[in-house]
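1. predicted coordinates and the sequence they were generated for:
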Amino acid sequence: MRFSKMFITTLKETPADAEAISHILMLRAGYIRQLAAGLYIYLPLGIRVIERINKILREEMNAIGAQEITMPALHPSEVWQETGRWFEIGDEMFRLKDRGGRDMCLGMTHEEIIAWLAAREIRSYRDLPQIWYQIQVKLRDEARPKSGVLRTREFLMKDSYSLDADEEGLERSYQLHAGAYHKIFSRCGLKFYMVESDPGMMGGAKAHEFMAPSPAGEDEIVFCDSCGYAANVELALSVPKKAETKNWVLEEVSTPEKRTVQEVSNFLQLGPEYFIKSILLISEKTPVLALVRGDQELHEKKLIRIIGKHRQAHEEEVKEILGVEAGFIGPMNHKIRIVADVSLKEGVYVSGANKPHYHLKGIRPGRDFTAESHDIHIAKRGDFCAKCNTPLRVEQAIEIGNIFMLGTKYSLPLKAFYLDKGGQGKPIIMGSYGIGPARIAAAAIEQNNDRDGIIWPESIAPFDVELLPLNIKDAKTAEIAEKLYKDLIEAGIEVLIDDRDERAGVKFKDADLIGIPTQIILGEKNLKEGLIEIKDRRTREAVKVIIEEAVEKIKGKINFTHKGRI
RNA sequence: CGGGGCGUAGCGCAGCUUGGUUUAGCGCACCUGCCUUGGGAGCAGGGGGUCGGAGGUUCAAAUCCUCUCGCCCCGACCA
């Protein structure tokens, strides 16, 4: 491809709207343009990267026996009503009516459509297992699109779905996907982790996320370097540092106007780890008192899994239910359900006395109150691994893929059944698996860039090499550049030749910005000696080679295995 | 949805507080010519905006007021 013919518009300055590195660089280097919030145009360079990623996706999906199909982005509401998600999902679903007044929606994911298809086409256990996938657009009316291509309202997704006869089959399909995902992200040159994740509204028993560590990521993941435990903070278990058990006897202490843990802690000159925070919540059925240690934060999502959907109680409700004003609530003498964090299994604490302006010192869990014990705090750095007691690490990351075991959540309502060997009708066991190609591209940039621009992993760069004839008006330069260009293409290498009549500085700057991993520099002085330069974008190391040997040397530098070309 | 910031030429910005001396300005980009060719050159000439939109105040509005649309960031949410 010729630079002069290709639509490449680089920007010298950082657009004011961009903050994330990948967003800034994709804009500046001419990969994308923004149409509206969360809606992006992919320019010629951008689509080349996406296509290369998609090629890897297809190869690895096909390798585990998955079959490509394509489903509509526009869905009738009925299938979504049958699984209930039409009603469960709120504003995030784009809804519309067709000319006949029928409710429709734009597909945010395709479990319903797959189950619909399976219900019609799968009849016997002999038809199973199946893995179907597509690389197609998803539409979600995100509350807050952000960080360029990292969170958008319309995005490409490789989504696959497994159909199995039983749980063992699902486990196999799940493992096949986990394996394929490892290969995909490795081939894309990403640093990533597979972590346990919350199945959330997708339903089902087990789920994992693939996370590319980056400060631009929206997720936090917790790691144990000793036993390998890795999980999203949304469900990560941890054991907070123990507080020394004091020799207190149970006594009331006066704490006038001191309501928050912070205030009482300062007032009594005691660390927050000696306090019990008591939070009254109203779940769908009943009030629940949640207890966490004063230095811990209550984790809403963990609690949802235990008591279901809930909200904080209003001030009046606190008085009505517990008979005391907020700020002086303690765990003792209540008749309602109490859920305490695991860190409160033992120790001795201070908490509200259930009496205005008084706290109780010397409270012992078990003796003074009883509660259900669950991990309901937010795991943080320095906490200990719940499995092996090693200090945990926390890292920010971009979610680049996820895998879910769904079970029968979709097959039952959509009547996707098959007949087993005994002629019995059984629901198909499903799994669903997603990867966002744009997030792979953005994560690759977040993980690989420098002051001058992008440094693409070879496998997903828009081109393998960029040819830089510095002075295109010099006849010899032009002639050698053209020959090299043709020879490289013939050798199966994808080349961008900067054939513009620009000064050397401009070409260098653009080449570094665009980030093609290998640069071939043709300067007049070197050419006179029969030499060209092969320069590595990442290390900036350059080697001079004899023109005649250039093609072989370049082929040697490019990692062909990475591209799956062998 | 709550909080904050911002909309002036393709991009980055100044002007707005104290309305009129601005036919709205600067840098980059763009067009023409000369010159230059190893890290976003130089000189000369030139084109382009009516200040997000609507309404209002005023003799006079980019500047003041009201409404509205859009974008970014933090939070909530996130199948």
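-> Perfect, I can see it now.
2. how about the contacts made by residue A:25?
-> A:31, A:445, A:449, A:453-454, A:513, A:515 (Cβ atoms under 8 Å, 6 or more residues apart in numbering). Every C-beta, even on glycine, is put in place using the N, C-alpha and C of the backbone.
3. those residues: which two are farthest apart?
-> A:31 and A:449 (12.7 Å; Cβ to Cβ).
4. quick one, phi/psi of residue A:313?
-> Here is the backbone geometry of residue A:313 (degrees, to the nearest 10): phi -80, psi 150.
5. not counting its neighbours along the chain, what's nearest it?
-> Excluding the flanking residues, the one nearest residue A:313 by Cβ to Cβ, 6 or more residues apart in numbering is residue A:280, at 4.1 Å.
6. on contacts alone, who are the packing partners of whichever helix or strand the one you found is part of?
-> Taking DSSP states H and E as the definition, one finds residue A:280 inside strand A:276-283. Packing partners of strand A:276-283 (3 or more Cβ pairs under 8 Å, 6 or more residues apart in numbering; DSSP states H and E): strand A:287-293, helix A:300-307, strand A:310-312, helix A:315-322, strand A:349-352.
7. give me the more crowded residue out of residue A:31 and residue A:449.
-> residue A:31 (30 against 17; other Cβ atoms under 10 Å).
8. the more buried one and residue A:45 touch, don't they?
-> Yes - between residue A:31 and residue A:45 there is a contact at 4.9 Å, judged by Cβ atoms under 8 Å.
9. would you put the C-alpha positions of the strand holding residue A:280 in PDB?
-> Coordinates of the C-alpha atoms in strand A:276-283 are reproduced here as PDB (Å, rounded to 0.1, in the frame of the first residue of the first chain):
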ATOM      1  CA  ILE A 276     -18.200  -2.800  63.700                       C
ATOM      2  CA  LYS A 277     -20.100  -0.900  61.100                       C
ATOM      3  CA  SER A 278     -23.700  -1.800  61.200                       C
ATOM      4  CA  ILE A 279     -25.700  -1.000  58.000                       C
ATOM      5  CA  LEU A 280     -29.400  -1.500  57.800                       C
ATOM      6  CA  LEU A 281     -30.600  -2.600  54.400                       C
ATOM      7  CA  ILE A 282     -34.000  -3.200  53.000                       C
ATOM      8  CA  SER A 283     -34.100  -6.300  50.700                       C
END
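10. what is residue A:75 paired to in the beta sheet?
-> residue A:105 (DSSP bridges).
11. neighbours of the residue in chain A positioned nearest to RNA strand B, how many?
-> Closest residue of chain A to RNA strand B, Cβ to the nearest atom of the strand: residue A:523 (2.1 Å). Residue A:523 has 17 neighbours, counted by other Cβ under 10 Å.
12. quick check: which element contains the residue nearest the centre of chain A?
-> Centroid check for chain A by Cα atoms, centre = their mean gives residue A:399 as the closest residue, at 1.0 Å. Residue A:399 belongs to strand A:393-407 when assigned by DSSP H and E.
13. residue A:317 is in contact with residue A:281, isn't it?
-> No - using Cβ under 8 Å, residue A:317 is not in contact with residue A:281; the gap is 9.9 Å.
14. okay, those two: which has more neighbours?
-> The residue with more neighbours, out of residue A:317 and residue A:281, is residue A:281; 21 against 15, by other Cβ under 10 Å.
15. once you drop chain neighbours, what's closest to the more buried one?
-> residue A:310 (4.5 Å).
16. who does that neighbour form a beta bridge with?
-> Beta-bridge partners, per DSSP bridges, of residue A:310: residue A:283.
17. since we're on it, how many residues are nearby?
-> 19.
18. OK, contacts around it?
-> A:281-284, A:288, A:303-304.
19. can you give me the strands for the stretch 51-200 of chain A?
-> A:67-68, A:74-76, A:95-97, A:103-106, A:130-139, A:154-164, A:193-196 (DSSP state E, counting those that start in this stretch).
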